[in-house]
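**Q** Sequence plus predicted model, see below.
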Amino acid sequence: MKRILCFITVLLLCSCTVKENRSFCPCELLVYSEEPLKTDGSVLVSVIQDGEVVKQGMMSRDDFESGNCRLTVPRRPSQVTVFTGIKDMNAVSGRLLNIRFEHQCDEVYSCSDVALLEGDSYECPVMPHKNYARLFLTILGLPVESAVAVSGNVKGYDILSLDPCKGLFQCSPDKDQDGQEFLVRLPRQLDDGLSLDVLKGNSLFRSVPIGSMIAASGYSYDDPDLLDITLTVDLSKSFVVLTVSGWETETYPIVEY
């Protein structure tokens, strides 16, 4: 009986009653997507108050879509950020979602919303947006036994703001059996510094400034959902043809390089 009385006393001390000021009580926050997620991979959810992460966790897509993202957080207005489709990228210090060197960007979707957290529980529906672009490359005139790399100046995302973070991005695109068709997943860019490098042995055979060519086409990295890009690069004739999925007029001949 003493143990039962002691347990009841602890509950009374740690919980909030109707008569008390409940602004200091915790809130159970449910975060869920308004529609099925578009990619596989893990889901990273962060709750930010006054510019600091107060709760953060990674869970499977199945758990998130099953409504299992329930977080106990202080009852204060919060910013909630969600990144989905995480496979190779990793969270660093609770602030950066990092693209590992020599890896492509994951098929990441993200969003940010405000949760008022005024009651004992609060539901926060979110709708992540496409935060990466597929770059399809056709490269004509490749030397025999050459290699291809794509490099840029964005290495990941700020988990709080969703903004791209500066840093070295470099990877080898996936290629088909013929060795002319390539695919690389790009993060949202901050500048036009993307470069396509063709290597022969340990030497640089040709460097193509594809970032400036994409920018010259009118492509915008500010769109909420990034569009995919197709580039045909002819190394023997030094020109590029660019196609953007979803544009009414899709083919843009680009000036010679």
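**A** Structure received.
**Q** residues near Ser121, how many?
**A** 10 (other C-beta atoms under 10 Å). All C-beta spots, glycine's among them, are computed from the backbone N, C-alpha and C.
**Q** Confirm for me that it is in contact with Cys25.
**A** No. Between Ser121 and Cys25 no contact is recorded; they are 11.1 Å apart, counting by C-beta atoms under 8 Å.
**Q** who does Val150 bridge with?
**A** Taking DSSP bridges as the rule, Val150 bridges to Cys171, Leu196.
**Q** looking at it, it is touching Val198, isn't it?
**A** No. Between Val150 and Val198 there is no contact under C-beta under 8 Å: 10.7 Å.
**Q** if you count what's nearby, which of the two comes out ahead?
**A** Between Val150 and Val198, counting by other C-beta under 10 Å, Val150 is the more crowded of the two (23 against 19).
**Q** Could you measure from that one over to Phe83?
**A** Distance of Val150 to Phe83, given as C-beta to C-beta, to the nearest Å: 22 Å.
**Q** same thing with Leu186?
**A** If you measure Leu186 against Phe83 using C-beta to C-beta, the figure is 16 Å.
**Q** Tell me if Ala215 really is in a strand.
**A** No. Counting by DSSP: H, G, I helix; E, B strand; the rest coil, Ala215 is not found in a strand; it is helix.
**Q** number of nearby residues for it?
**A** Neighbourhood size, Ala215 [other C-beta under 10 Å]: 17.
**Q** So what are the structural domains in this structure, by residue number?
**A** 24-129, 133-254 (automatic domain parsing).
**Q** Could you dump those domains into JSON lines with mean pLDDT added?
**A** What follows is the domains of the chain, written out as JSON lines (pLDDT from 0 to 100):
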{"stretch": "domain 24-129", "mean pLDDT": "95"}
{"stretch": "domain 133-254", "mean pLDDT": "89"}
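**Q** sec struct for Asp62, please.
**A** For Asp62, the secondary structure call by three-state DSSP comes out as helix.
**Q** Work out for me the element the residue lying closest to Lys130 once chain neighbours are set aside sits within.
**A** Once flanking residues are discounted, Lys130 sits nearest to Asp225: 4.2 Å by C-beta to C-beta, 6 or more residues apart in numbering. Asp225 is part of no helix or strand, with elements assigned from DSSP states H and E.
**Q** so how many other residues sit close to Asp225?
**A** By the criterion of other C-beta under 10 Å, Asp225 has 11 neighbours.
**Q** The closest residue to Met89 other than its chain neighbours and Glu123, how far apart?
**A** Distances taken as C-beta to C-beta, 6+ apart place Asp106 nearest to Met89, at 4.9 Å, with adjacent residues excluded. The gap separating Asp106 from Glu123 is 27 Å, by C-beta to C-beta.
**Q** And these two? Which one has more around it.
**A** Set side by side, Asp106 and Glu123 show more neighbours around Asp106, with 24 against 11, by other C-beta under 10 Å.
**Q** these two touch, right, that one and Asp40?
**A** No. Using C-beta under 8 Å, Asp106 is not in contact with Asp40, being 9.9 Å away.
**Q** hey, what's in contact with both of the two?
**A** The contact sets of Asp106 and Asp40 overlap at Gly85, Lys87 (C-beta atoms under 8 Å, 6 or more residues apart in numbering).
**Q** And the helices in the chain?
**A** Under the criterion DSSP state H, the chain contains helices at 2-14, 61-65, 210-216.
**Q** and stretch 114-122, how far from the chain's centre?
**A** 26 Å (C-alpha atoms, centre = their mean, to the nearest Å).
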